[in-house]
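**Q** My questions are about this predicted structure, shown below with the sequence.
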Amino acid sequence: MSPDLYRPPAPHPRGPVASLARVIVRRENNLLSLLPDVAYREMITPLGMSRRGIVLVNAPDLVTHVMDTAVEHFPKNDLFVGALESLVGDAMFVSSGDRWRQQRRTIEPAFSHMRITRAFPAMEAAVSDHEATLDERATSGQSFSLDAAMSHLTADVITRTIFSTPLERGTSREVFDAFDVFERSVESVSIRRLLLDKPWAHIPQPAHVLDACTRIRRHVGDHLDTRLAAGADAFDDIAGAAIAARDPVTGQGFTREELINEIGVFFLAGHETTASALTWTFFILSQQPQAVARIRAELDAVVGSGPIEFDHARKLPFVRNVFREVLRLYPPITFLPRVAALDTTIGTKRIRKGTMVMIAPWSIHRHEQLWKHPDRFDPDRFDPSRDKEIIPGTYLPFGSGPRVCIGAGFATLEASLVIARLVRRYDFVSEDPASVWPLARLTTRPAHEIRCRVTRRSA
């Protein structure tokens, strides 16, 4: 342990019995509280007494086996699919096998619009609008929800990228609230379901979760209908490319419902996950003034007093390393659950059909055998001079294998620009840092919103 390195908020691991008792006694529906201390020490270990059986896999070679080599034997877990199907239907984010391959090859042309050179102007415009809002808050001194602010900003970026239009403020709050309801209440990621349900059991969702999904899908559908009326060629963006897309094998395009599903995936992956990471970034920076000073010094050296251009945003190694370290400590997708489609083995361990195979970036990124000072904030661990410290296959905030996130470069550039511009201009002050605590649902979010204030840069 290094006492001079900051430990951001996270549970202190306990034994299996104590971890389960903490969840039951405190009625915590937080998967992070359920993880025992062995989850951070062992390379493959069973988790608790579950009807379906749960095996946590941390070893890099075994993760590669599950996520890549034997991917057909380990499709996305039924609980994960059940959590998302009301939101994105059978989109490629949750589908498997031939269906996933057909969707992937059809939507492939739209991926070109995720290229960072094409997306950068949309990012710049969204950040400029957000700075205007923060200027007002700095003048008034009013506090605000950091979570909601980052959600609005990233939703604005992805809406401009998908639909070539900025996000309306009222819509952004509705989408944030709907995602909040969805993530906190969706039945498929409740601990009770995790421990008591059989594999492939149908899990009905509460009415308020279905209503949240309807609101999000309505937002996507309203934008899509405007685009359908204008024609696929009216705008050169993701929506236009998705509308025009045809399966090169069958010649079939997407129906309106399928378009909402697939665009919903772009929106979810490009908005919610990046918002989560940026929320944690600005909270940590509010507690680490020396990191803020280093970012500003780097900006002075690389950019000077002028605007932060595309080439600048890619030449800010400390900014990028701060973001990479936040992704390590708070991976946006906390768990990547799979299910054994047949009786099989992982390493030397026999796995029965229906077992949940849990690939957890959270535990892999904080594993005692895989990282030095695993629960400490240390952006310099990603400096090239320390390359040998990072074991291949131990860093997977964007997943792994053939289903690795296509938007990793997009998210990294967006975050680098947001961090650089906002840190250059503002000081963020968390109002109650002691109350901040991570909650693992579909993404790694604060258990309660982080209230903060901003002031114009003081030095």
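**A** Noted; the coordinates are in hand. Numbering: from 1, shown residues only.
**Q** How many residues are close by residue 229?
**A** 8 (other CB atoms under 10 Å). (Each C-beta comes from the backbone N, C-alpha and C, glycine too.)
**Q** helix/strand/coil for it?
**A** Secondary structure for residue 229, judged by DSSP: H, G, I helix; E, B strand; the rest coil, is helix.
**Q** So it versus residue 243, what's the distance?
**A** 11 Å (CB to CB, to the nearest Å).
**Q** repeat for residue 278
**A** Taking CB to CB, one finds residue 278 at 30 Å from residue 243.
**Q** What of residue 423?
**A** For residue 423, the distance to residue 243 - CB to CB - is 38 Å.
**Q** low-scoring pLDDT stretches of the stretch 351-459 of the chain, where are they?
**A** Scanning the stretch 351-459 of the chain for pLDDT under 70 picks out the ranges 459.
**Q** now the stretch 1-150 of the chain
**A** 1-3, 15-29, 48-50.
**Q** all helices of it, in order?
**A** 16-26, 31-34, 60-64, 78-88, 97-111, 116-140, 146-163 (DSSP state H, counting those that start in this stretch).
**Q** quick one on the thing from earlier: neighbour-wise, which of residue 278 and residue 243 wins?
**A** In this view residue 278 and residue 243 are compared by other CB under 10 Å, and residue 278 has more residues nearby, 26 against 22.
**Q** how about the nearest residue to that one once chain neighbours are set aside, what does it touch?
**A** What sits nearest to residue 278 in space, not counting adjacent residues and going by CB to CB, 6 or more residues apart in numbering, is residue 150, at 4.4 Å. Applying CB atoms under 8 Å, 6 or more residues apart in numbering, we find residue 150 in contact with 274, 275, 276, 278, 279, 282.
**Q** now residue 150: how far from residue 449?
**A** Where residue 449 is concerned, residue 150 sits at a distance of 11 Å (CB to CB).
**Q** Please apply the same query to residue 327.
**A** For residue 327 relative to residue 449 (CB to CB), the value is 21 Å.
**Q** Setting aside sequence neighbours, what's the nearest residue to residue 52?
**A** According to CB to CB, 6+ apart, the nearest residue to residue 52 is residue 199 (4.6 Å).
**Q** That neighbour against residue 78, yeah?
**A** Yes. Applying CB atoms under 8 Å, one finds residue 199 in contact with residue 78, separated by 6.5 Å.
**Q** Show me which of those two is the more surrounded one.
**A** Each of residue 199 and residue 78 has its neighbours counted (other CB under 10 Å); residue 78 has more, 22 against 18.
**Q** is it true that that one touches residue 339?
**A** Yes. Counting by CB under 8 Å, residue 78 does reach residue 339; the two are 5.7 Å apart.
**Q** is it true that residue 339 touches residue 81?
**A** No. Counting by CB under 8 Å, residue 339 stays clear of residue 81, with 9.1 Å between them.
**Q** one step back: identify the contacts common to residue 199 and residue 78.
**A** residue 339.
**Q** close enough to count as contact, residue 158 and residue 268?
**A** No. Contact status for residue 158 versus residue 268: not in contact, 9.2 Å apart, counting by CB under 8 Å.
**Q** Of these two, which one has the most company?
**A** Neighbour totals were compared for residue 158 and residue 268, and residue 158 leads with 30 against 21 (other CB under 10 Å).
**Q** so what's the closest residue to that one other than its chain neighbours up against?
**A** Closest residue to residue 158 apart from its sequence neighbours, by CB to CB, 6+ apart: residue 270 at 3.9 Å. For residue 270, the contacting residues are 114, 154, 157, 158, 161, 162, 407, 410, 411, by CB under 8 Å, 6+ apart.
**Q** Can I get the buried part of these as one ChimeraX selection?
**A** Only the buried entries of the contacts of residue 270 go into this ChimeraX selection, using 16 or more other CB atoms under 10 Å:
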select :114,154,157,158,161,162,407,410,411
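**Q** contact partners of stretch 324-333?
**A** Contacts of stretch 324-333 (CB under 8 Å, 6+ apart): 8, 10, 272-274, 276-277, 280-281, 284, 361-362, 365-366, 371, 375, 377-379, 381-382, 395-397, 399, 438, 442-444.
**Q** Could you list which of those residues belong to helices?
**A** Members of the contacts of stretch 324-333 lying in helices (criterion: DSSP state H): 273, 274, 276, 277, 280, 281, 284, 361, 362, 365.
**Q** these two touch, right, the third one and residue 443?
**A** Yes. With contacts counted by CB under 8 Å, residue 276 reaches residue 443, the gap being 4.6 Å.
**Q** Between those two, point out the one with more neighbours.
**A** Higher neighbour count among residue 276 and residue 443: residue 276, with 28 against 20, using other CB under 10 Å.
**Q** Let me see the contact set for that one.
**A** Contacts of residue 276 by CB under 8 Å, 6+ apart are 150, 330, 332, 443, 444, 445.
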